[in-house]
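Undergrad: Got a sequence here, can you build the structure:
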Amino acid sequence: MKHSFNDFIPMKKYILLLCLIVVSFIQGCRKDNDYIISHRFKNHSWYRFNILQFEIPLKASPKGWDIYFFANHLKDYPFDNLDFHMIMTTPSGEERIKTYNFLIKRKDGGFTGDCGHDSCMVQIPLKKEIYLPAEGVLKIQIETLVPRIEIKGLLSVGIRMHPRV
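TA: Predicted structure coming up:
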């Protein structure tokens, strides 16, 4: 019995369909629906009057959001903390302002975050269970309060938004 190339075309369609179903299933089961935006520092330094602006396109989340600030720093970061001031402006125009004491080192001198070979990642919650009903752009402004002109040892800082489920 001879088979032609056309006999295998329906089988290829079924294989393609099966692959699409598997990929859709994997994407649907992803737990990581976070929105992450970060700012990398040239020369690993954040200068005192360099106010960072983050604009996040906000989608509807019926149960709200958890919003985190994170820092990726070198192991030679010289301070115990990274204090900062945050101004958050919601798409509806509401403004929320808060000052944070972001602990980088514990009292024993060890780092509070997850460390690799030469750097560490640490995060702090900015707002937990915040409900933002209007879609649009969420604006977050971060200003360092460390009393130095230059904060050395920072690779990047950023915002991570996690939808509540």
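Undergrad: these two touch, right, residue 160 and residue 65?
TA: No. Applying Cβ atoms under 8 Å, one finds residue 160 not in contact with residue 65, separated by 10.1 Å. Bear in mind the C-beta positions are built from the backbone N, C-alpha and C, glycine included.
Undergrad: Of the two, give the one with the bigger neighbour count.
TA: Neighbours per residue (other Cβ atoms under 10 Å) separate residue 160 from residue 65, with residue 65 holding more: 23 against 17.
Undergrad: Okay, helices next: where are they in this protein?
TA: Taking DSSP state H as the criterion, the chain carries its helices at 9-28.
Undergrad: by contact count, what packs against whichever strand in the chain runs longest?
TA: Longest strand of the chain, by residue count under DSSP state E: strand 119-130. Counting contacts by 3 or more Cβ pairs under 8 Å, 6 or more residues apart in numbering; DSSP states H and E, strand 119-130 packs against strand 65-74, strand 84-89, strand 95-100, strand 114-115, strand 154-163.
Undergrad: In CSV, list the ones you listed along with distance to residue 144 and mean pLDDT.
TA: Conversion of the helices and strands packed on strand 119-130 to CSV gives the following (distance: least, Cβ to Cβ, whole Å; pLDDT from 0 to 100):
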stretch, distance to residue 144, mean pLDDT
strand 65-74, 11, 96
strand 84-89, 5, 96
strand 95-100, 11, 96
strand 114-115, 22, 94
strand 154-163, 9, 95
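Undergrad: a markdown table please, covering these and showing distance to residue 123.
TA: A markdown table is the format used below for the helices and strands packed on strand 119-130 (distance: least, Cβ to Cβ, whole Å):
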| stretch | distance to residue 123 |
| --- | --- |
| strand 65-74 | 4 |
| strand 84-89 | 13 |
| strand 95-100 | 11 |
| strand 114-115 | 9 |
| strand 154-163 | 7 |
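Undergrad: For residue 59, find the nearest of those.
TA: Among these, the nearest to residue 59 by Cβ to Cβ is strand 154-163 (8.2 Å).
Undergrad: Please point out which parts of that closest one sit buried.
TA: If you call a residue buried by 16 or more other Cβ atoms under 10 Å, then strand 154-163 has these buried ones: 154-162.
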